[in-house]
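J.: Take this sequence and fold it.
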Amino acid sequence: MHTPLFRPSMDRRAFLTASTAGLASLGFKGGARATTAPSVSLPTLAKPAKSTVLFFLCGGASHIDMWDMKPDAPLEYRGEFKPIRTTGDEIRLCEHLPLLAKQAHHFALIHGVTDGGRATGDHHAGYYYNLTGHAPDPTFKQQGNDRRPYPEDWPYMGSVVSMKRPQHPTLPSLITLPHKPSKLPYTRPGQFAGRIGMEYDPFLLTGSFDEPLHFAAPTISVGGGMTAQRMQDRQGLLAALNSARRDLDHEMAIQNYAKQQERAFDLLSSSGTANAFDIQSEPLALRERYGQDINGMSLLMARRMVEAGVPFVTVFWKEDESLHKKCKSAGGWDTHGNNFNCLRDDLLPQFDRGFSAFLEDLASRGLLDETLVLVTSEMGRMPKVGDRRSGGPLGAGRDHWTSCMSVLMAGAGIKGGQVVGETDARAELPKDRPIYPEDITKTVYYAMGIDNLDAHDRLGRTYNLLEEGKALVELF
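T.: Numbers count the residues shown, from 1 in each chain. Reported below is the predicted structural model:
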């Protein structure tokens with residue numbers, strides 16, 4: 001787990017721009033865009049969710065190919081896939097999601113989620129907006145995908161939940177796995193606690209394609225080799241952490257590194273926590289149902305964390321770099337080229353197997369009613385096939401599309417089988433009612449029973465962590 005990276009030196013103009021944006025965000029309402037969600041009073045949920053699992057499809061998942069399909073649109077828009085019926089009355093899914101179709105009665109789909117032109121069309125801004133609920137500030141337009149996480153960024157929604165909900169007695173209250181998206185030094189913004197303080201940053205568990213059953217803390221394995229007896233040697237543990245220090249981000253603050261030492265020690269030396277991370281103790285048949293790949297096992301780990309009472313778990317889809325050439329992407333959902341073959345052969349089967357198993361598993365254990373499940377991404381894909389950067393129509397890719405995307409929500413009292421929001425005939429724009437990332441974020445807070453979003457700056461002044469947006473209460 002790493003802290004938000006500190007900002008490099010800036011020229012005077014960039015500093016003034018960023019400073020102005022930061023001041024403007026501290027509770028001033030000027031320039032705020034009113035939500036278009038209907039004016040609905042917010043009744044208190046009788047039973048707020050105990051946990052949230054956010055599954056983020058890194059790269060920008062294609063809404064029009066997965067769950068907002070337009071079979072009557074021209075071929076160059078609707079693409080090659082056909083919709084199929086599901087167990088949800090209002091839901092139609094792609095033919096390559098047959099297992100998820102059997103779970104549709106458990107989830108709702110939200111169509112027409114849009115940035116309203118407030119983002120930049122690139123990944124960094126998309127991550128930030130959809131993970132924090134705050135529109136990207138001017139630095140995202142200036143720096144694009146070179147924009148690093150800054151300490152004054154608005155916090156990740158999971159960090160807010162970690163701050164507002166009681167801390168877990170033995171485990172971290174916010175866990176991210178199996179990786180921290182994007183490579184250093186340009187780590188995706190929006191994943192961190194930002195201005196509310198590094199103590200609310202997520203605790204990172206890493207996993208790999210080569211060893212999908214093995215998860216590790218940033219510097220110490222939490223697999224079978226780390227026994228309770230070894231945890232008694234505090235000096236030895238801290239020495240091991242120090243020896244691995246060179247592997248950490250070169251821009252990590254020294255004080256945060258010390259915090260990570262303490263957090264890792266407290267986690268790994270606490271009685272009863274070792275078993276929480278032991279994926280191999282799960283029955284083989286269940287692991288195979290999830291798919292024994294890194295993304296499937298990350299979802300299984302998320303279920304174990306929910307079972308252990310962790311308030312917020314984030315699973316970032318781990319990209320397979322071997323798909324880079326085939327999909328003209330980093331190996332995830334950023335299908336700039338060969339969109340249909342990449343989805344059909346690689347992405348959709350793995351997602352279908354793992355995520356359907358996750359919903360099925362939560363429901364069978366009685367955990368779904370008390371767990372909010374959210375599937376989102378940084379953007380949708382361009383409805384018209386033919387990304388010019390990968391050969392146009394012949395390249396069969398879909399470019400970035402921030403004007404429209406879809407979000408899936410399940411559990412925590414959400415009525416399954418329904419659709420909220422609608423897009424136009426080609427899935428290019430919201431049809432009547434735009435829904436914004438801040439509305440999705442507010443819905444998460446609502447489901448978790450968080451109605452007080454006050455925080456305090458370093459001078460003790462009160463400000464609101466998210467003034468914009470309104471919870472989609474009709475989902476519940």
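
J.: how about low-confidence regions in the stretch 101-250 of the chain?
T.: Low-confidence regions of the stretch 101-250 of the chain, defined by pLDDT under 70, span residues 218-250.

J.: again, only using 80
T.: Residue ranges of the stretch 101-250 of the chain with pLDDT under 80: 217-250.

J.: got the contact list for the residue nearest in space to the middle of the chain?
T.: The residue lying closest to the centre of the chain (CA atoms, centre = their mean) is residue 56, at 3.5 Å. Residue 56 makes contact with 131, 181, 314-317, 375-378 under the criterion CB atoms under 8 Å, 6 or more residues apart in numbering. All C-beta spots, glycine's among them, are computed from the backbone N, C-alpha and C.

J.: Throw those into JSON lines and include secondary structure, thanks.
T.: Listed next are these as JSON lines, based on DSSP: H, G, I helix; E, B strand; the rest coil:
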{"residue": "131", "secondary structure": "helix"}
{"residue": "181", "secondary structure": "coil"}
{"residue": "314", "secondary structure": "strand"}
{"residue": "315", "secondary structure": "strand"}
{"residue": "316", "secondary structure": "strand"}
{"residue": "317", "secondary structure": "coil"}
{"residue": "375", "secondary structure": "strand"}
{"residue": "376", "secondary structure": "strand"}
{"residue": "377", "secondary structure": "coil"}
{"residue": "378", "secondary structure": "coil"}
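
J.: Show me where the stretch 1-150 of the chain has its strands.
T.: 51-56, 83-85, 92-94, 107-113 (DSSP state E, counting those that start in this stretch).

J.: what about residue 286, neighbour count?
T.: Neighbour count of residue 286, defined by other CB atoms under 10 Å: 12.

J.: can you pull the contacts of it?
T.: Contacts for residue 286 (CB under 8 Å, 6+ apart) come out as 300, 357, 361.

J.: And the nearest residue to the last one once chain neighbours are set aside, what's its pLDDT?
T.: Read it as residue 361. Using CB to CB, 6 or more residues apart in numbering and skipping residues adjacent in sequence, the residue nearest residue 361 is residue 303, 5.4 Å away. Reading off the confidence values, residue 303 has pLDDT 97.

J.: Can you tell me how far residue 303 is from residue 359?
T.: 10 Å (CB to CB, to the nearest Å).

J.: more crowded one of these two?
T.: Per other CB under 10 Å, whichever of residue 303 and residue 359 has more neighbours is residue 359, with 25 against 22.

J.: mean confidence score for the strand or helix carrying the more buried one?
T.: Using DSSP states H and E, residue 359 sits in helix 348-364. Averaged across helix 348-364, pLDDT comes to 98.

J.: just the angle between that helix and strand 51-56, please?
T.: 170 degrees (axes from the mean of the first three to the mean of the last three CA atoms, to 10 degrees).

J.: can I get the CA coordinates of helix 348-364 in PDB?
T.: The C-alpha trace of helix 348-364 is given here as PDB (Å, rounded to 0.1, in the frame of the first residue of the first chain):
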ATOM      1  CA  LEU A 348     -16.200 -11.600 -21.000                       C
ATOM      2  CA  PRO A 349     -15.700 -15.300 -20.200                       C
ATOM      3  CA  GLN A 350     -13.400 -14.500 -17.200                       C
ATOM      4  CA  PHE A 351     -15.700 -11.800 -15.900                       C
ATOM      5  CA  ASP A 352     -18.800 -13.900 -16.400                       C
ATOM      6  CA  ARG A 353     -17.400 -16.800 -14.500                       C
ATOM      7  CA  GLY A 354     -15.900 -14.900 -11.600                       C
ATOM      8  CA  PHE A 355     -18.500 -12.300 -11.000                       C
ATOM      9  CA  SER A 356     -21.500 -14.600 -11.300                       C
ATOM     10  CA  ALA A 357     -19.800 -16.900  -8.800                       C
ATOM     11  CA  PHE A 358     -19.300 -14.000  -6.500                       C
ATOM     12  CA  LEU A 359     -22.900 -13.000  -6.500                       C
ATOM     13  CA  GLU A 360     -24.000 -16.600  -6.200                       C
ATOM     14  CA  ASP A 361     -21.600 -17.200  -3.300                       C
ATOM     15  CA  LEU A 362     -22.700 -14.100  -1.400                       C
ATOM     16  CA  ALA A 363     -26.400 -14.900  -1.800                       C
ATOM     17  CA  SER A 364     -26.000 -18.600  -0.800                       C
END
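
J.: relative to strand 107-113, how tilted is that helix?
T.: 130 degrees.

J.: Contacts for helix 348-364 next, please.
T.: 53, 55, 57, 66, 94, 96-100, 102-103, 106-107, 286, 289-291, 293, 295-296, 299-300, 302-303, 306, 317, 368, 371, 373, 375, 410-411.

J.: of these, buried ones?
T.: Among these, the ones that count as buried by 16 or more other CB atoms under 10 Å are 53, 55, 57, 66, 94, 96-97, 99-100, 103, 106-107, 289-291, 293, 295-296, 299-300, 302-303, 306, 317, 368, 371, 373, 375, 410-411.

J.: Can you pick out the ones from these that are in helices?
T.: 66, 99-100, 289-290, 295-296, 299-300, 302-303, 306 (DSSP state H).

J.: of all those, which comes closest to residue 384?
T.: Checking these against residue 384 with CB to CB, the nearest one is residue 66 at 16.6 Å.

J.: Help me confirm that the closest one comes into contact with residue 92.
T.: No - using CB atoms under 8 Å, residue 66 makes no contact with residue 92, being 10.6 Å away.

J.: My guess is residue 127 contacts residue 192. True?
T.: No - under the criterion of CB under 8 Å, residue 127 makes no contact with residue 192, lying 10.9 Å away.

J.: Would you mind measuring from the closest residue to residue 340 other than its chain neighbours to residue 318?
T.: Excluding the flanking residues, the one nearest residue 340 by CB to CB, 6+ apart is residue 80, at 4.7 Å. The gap separating residue 80 from residue 318 is 26 Å, by CB to CB.
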